[in-house]
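> Starting from these lines, generate the structure:
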Amino acid sequence: MHPVLKHFMAFLLACCLFVFCIAGHSQSPSMQKPLVLLIGLDGFKPAYLNLGVTPNLKALAEKGLLSQGAISSFPSLTFPNFVSLVTGLTPDHHGIVNNTMTDSRTDQLFTLGSRDAVENPFWWSEVTPIWSSIKRQGGIASAMFWPGSEVEINGVRPNDWVRYEHGMSHEKRLEFLVSWLSREEALRPNFATFYLSDVDSAGHEFGPDSQEVKRAVAKVDQTLGQLIKEVKKLGLIDKTTFVVVSDHGMANTPHDKSMDVSQLLNGFPKAKWEWQGATSALRLNGEDGAKVLEVLSQQAHLDCYLKENFPKHFKFGTHPRIPDVVCLSNMGYTVTANPSRKGPLGQHGFDPNLLEMHGLFLASGFRIKAGEIGLLENLEVYPFLCELLGIVEEKNDSKHLLKALIDKH
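Presented below is the predicted three-dimensional model:
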């Protein structure tokens, strides 16, 4: 070989080795950017961990941090609490006060089934979700479903998001998330959400103690196990923190405990029920509040208040979207203004402090100290996530009780 060519080949080989070493070094765990996966299991009670069908959740709990239960913000409903989990704000402060809402500034009715309403930025103007803060502070955030993630909130969406489809399979959801996590390091998210609703749906239809719920619990645990396998395949497991949460629990609500209020306020024709269920509420529309409360007080298993007099410990009652009178049913009892329509066998929306309403909080993986803790308010999850991600928090209502449990090294 010609000496010049020989030197050139040696130089080329050295360059290739250098590039290979750099590439290998950039993918080593010590150099990877951390990944926080926020996994939302709708309607998952801590007691479900004892059904004998959650080996993957149990494995995470044994190596991580498990709370006795997460106390929902009031009301213990889906949208208000999934928003509280990613803002640290009570519904009174972030404005998503129920799954059904009206607002004097619009004729639009907000319901979970209305895509136009759910995707309307108007309803979300007081919300600054964690993915917005991540993007504004230079990070990358992806959302495989989460209330609010498909909305352009104050001009910001997650880097990746998918319009909600209740019937989308677990496999398809995983496919989306894994595709985002598979990107090269600079483009990969350092935060992502993953949402599954099976347990909540089964709890509503069949009740929380049903075999259908047990099967749903097993299914979401299997999917979580597959997610963990995918994270391992991608070589990200050493820098990944799994934070598993739920929005609320679930209680038995037999049909014979459904309270028909359709005729209760016949003497007040302008008053209209706006919310029904465990937490119910009505607009007075000019009717006398004191007189309406007097009639409502005759209904057993139901406590009603003018919203400004709602018990202070619930931190609820100041937002203008909250109707004039708010009622809270005793455990198991629910309000209906349509007696011909039977309610679900399982419901939430009861006092968040009751055991049946407690949600799940579990954190495991990178920077998590193993152990068990008592009850905590779900408002504590937001600053915990911010600390893991190294971002500055927005103003919130938490007490910052979880941040000390993160390994600083």
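> contacts, neighbours, all on C-alpha from now
OK.
> Send over the host helix or strand of Ser84 as PDB, restricted to the C-alpha atoms.
Using DSSP states H and E, Ser84 falls within helix 78-85. Output in PDB follows, covering the C-alpha atoms of helix 78-85 (Å, rounded to 0.1, in the frame of the first residue of the first chain):
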ATOM      1  CA  THR A  78     -62.000  13.200  36.700                       C
ATOM      2  CA  PHE A  79     -61.300  16.400  34.900                       C
ATOM      3  CA  PRO A  80     -60.900  18.600  38.000                       C
ATOM      4  CA  ASN A  81     -58.400  16.200  39.600                       C
ATOM      5  CA  PHE A  82     -56.300  15.300  36.500                       C
ATOM      6  CA  VAL A  83     -55.900  19.100  36.000                       C
ATOM      7  CA  SER A  84     -54.900  19.500  39.700                       C
ATOM      8  CA  LEU A  85     -52.300  16.800  39.300                       C
END
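> following it, which helix or strand comes up?
Later in the chain than helix 78-85, the nearest helix or strand by DSSP H and E is helix 91-94.
> Could you report the neighbour count for Gln257?
Careful, residue 257 is Lys; it's not Gln. 16 (other C-alpha atoms under 10 Å).
> Ok, the one 5 residues further on next?
By other C-alpha under 10 Å, the residues close to Ser262 number 14.
> How much space separates the residue nearest to it when sequence neighbours are not counted from Met101?
Distances taken as C-alpha to C-alpha, 6 or more residues apart in numbering place Ala337 nearest to Ser262, at 4.3 Å, with adjacent residues excluded. Using C-alpha to C-alpha, to the nearest Å, Ala337 is found at 17 Å from Met101.
> Domain map for the chain?
Domain ranges of the chain: 35-252+352-405, 255-343, per automatic domain parsing.
> Tabulate those domains in CSV, adding columns for mean pLDDT.
Rendered in CSV, the data for the domains of the chain read as follows (pLDDT from 0 to 100):
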stretch, mean pLDDT
domain 35-252+352-405, 97
domain 255-343, 96
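> Highest mean neighbour count out of the ones you listed?
domain 35-252+352-405 (a mean of 20; mean count of other C-alpha atoms under 10 Å).
> What is the end-to-end distance of it?
Using C-alpha to C-alpha, one end of domain 35-252+352-405 lies 18 Å from the other.
> same deal with stretch 250-268?
Using C-alpha to C-alpha, the end-to-end distance of stretch 250-268 comes to 33 Å.
> Please state the offset of that stretch from the chain centre?
Distance, stretch centre to chain centre, for stretch 250-268: 28 Å (C-alpha atoms, centre = their mean, to the nearest Å).
> can I assume Val220 sits in a strand?
No. Assigned with DSSP: H, G, I helix; E, B strand; the rest coil, Val220 falls outside any strand and is helix.
> Now do the contacts for it.
Contacts for Val220 (C-alpha atoms under 8 Å, 6 or more residues apart in numbering) come out as 41, 196, 198-199.
> Columns distance to Thr241 and secondary structure on top of these, output as JSON lines?
Output for these, formatted as JSON lines (distance: C-alpha to C-alpha, whole Å; DSSP: H, G, I helix; E, B strand; the rest coil):
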{"residue": "Leu41", "distance to Thr241": "16", "secondary structure": "strand"}
{"residue": "Leu196", "distance to Thr241": "18", "secondary structure": "strand"}
{"residue": "Asp198", "distance to Thr241": "23", "secondary structure": "helix"}
{"residue": "Val199", "distance to Thr241": "23", "secondary structure": "helix"}
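> The spatially most central residue of the chain - nearest residue in space that isn't next to it in sequence?
Among the residues of the chain, the one closest to the centroid is Phe82, at 3.0 Å (C-alpha atoms, centre = their mean). Nearest residue to Phe82 in three dimensions, chain neighbours excluded: Asp247, at 5.8 Å (C-alpha to C-alpha, 6+ apart).
> what's the spacing between the one you found and Thr111?
To Thr111, Asp247 is 18 Å away according to C-alpha to C-alpha.
> and what of Asp198?
20 Å.
> Repeat that for Lys239.
Distance of Lys239 to Thr111, given as C-alpha to C-alpha: 38 Å.
> hmm, back to that, thought Asp260 was touching the residue nearest to Ser262, still the case?
Yes. Here Ala337 reaches Asp260: they are 5.8 Å apart, a contact under C-alpha atoms under 8 Å.
> Going along the chain, name the helices of this structure.
Taking DSSP state H as the test, the helices found in the chain are 3-26, 55-63, 78-85, 91-94, 115-118, 130-136, 170-181, 198-206, 211-233, 289-296, 381-389.
> what's the closest of those to Glu150?
Relative to Glu150, the nearest member of the helices of the chain by C-alpha to C-alpha is helix 115-118, separated by 8.6 Å.
> Show the secondary-structure elements that that closest one is packed against.
With contacts defined as 3 or more C-alpha pairs under 8 Å, 6 or more residues apart in numbering; DSSP states H and E, helix 115-118 has these neighbours: strand 106-110.
> So what's the gap between stretch 131-148 and the chain middle?
14 Å.
> Contact partners for the residue nearest to the centre of the chain?
Taking C-alpha under 8 Å, 6+ apart as the contact definition, Phe82 lies against 146-147, 246-247.
> now these in a markdown table, with distance to His170?
Listed next are these as a markdown table, based on distance: C-alpha to C-alpha, whole Å:
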| residue | distance to His170 |
| --- | --- |
| Trp146 | 15 |
| Pro147 | 17 |
| Ser246 | 17 |
| Asp247 | 19 |
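> Can you tell me which of the residues you listed is nearest Leu181?
Once C-alpha to C-alpha is applied, the member of those that ends up nearest Leu181 is Trp146, at 17.3 Å.
> Please list all residues in contact with the residue lying closest to the closest one once chain neighbours are set aside.
Excluding the flanking residues, the one nearest Trp146 by C-alpha to C-alpha, 6+ apart is Tyr195, at 6.3 Å. Neighbouring residues of Tyr195 by C-alpha under 8 Å, 6+ apart: 39-42, 144-146.
> you'd agree Ile153 is up against Trp131?
No. With contact defined as C-alpha under 8 Å, Ile153 does not reach Trp131; the gap is 10.4 Å.
> between those two, what contacts are shared?
The overlap between the contact sets of Ile153 and Trp131 (C-alpha under 8 Å, 6+ apart) is empty.
> and Ala281, bridged to which residues?
When assigned by DSSP bridges, Ala281 has beta-bridge partners Trp275, Val326.
> Do I have it right that it meets Ala271?
No. Counting by C-alpha under 8 Å, Ala281 does not reach Ala271; the two are 10.3 Å apart.
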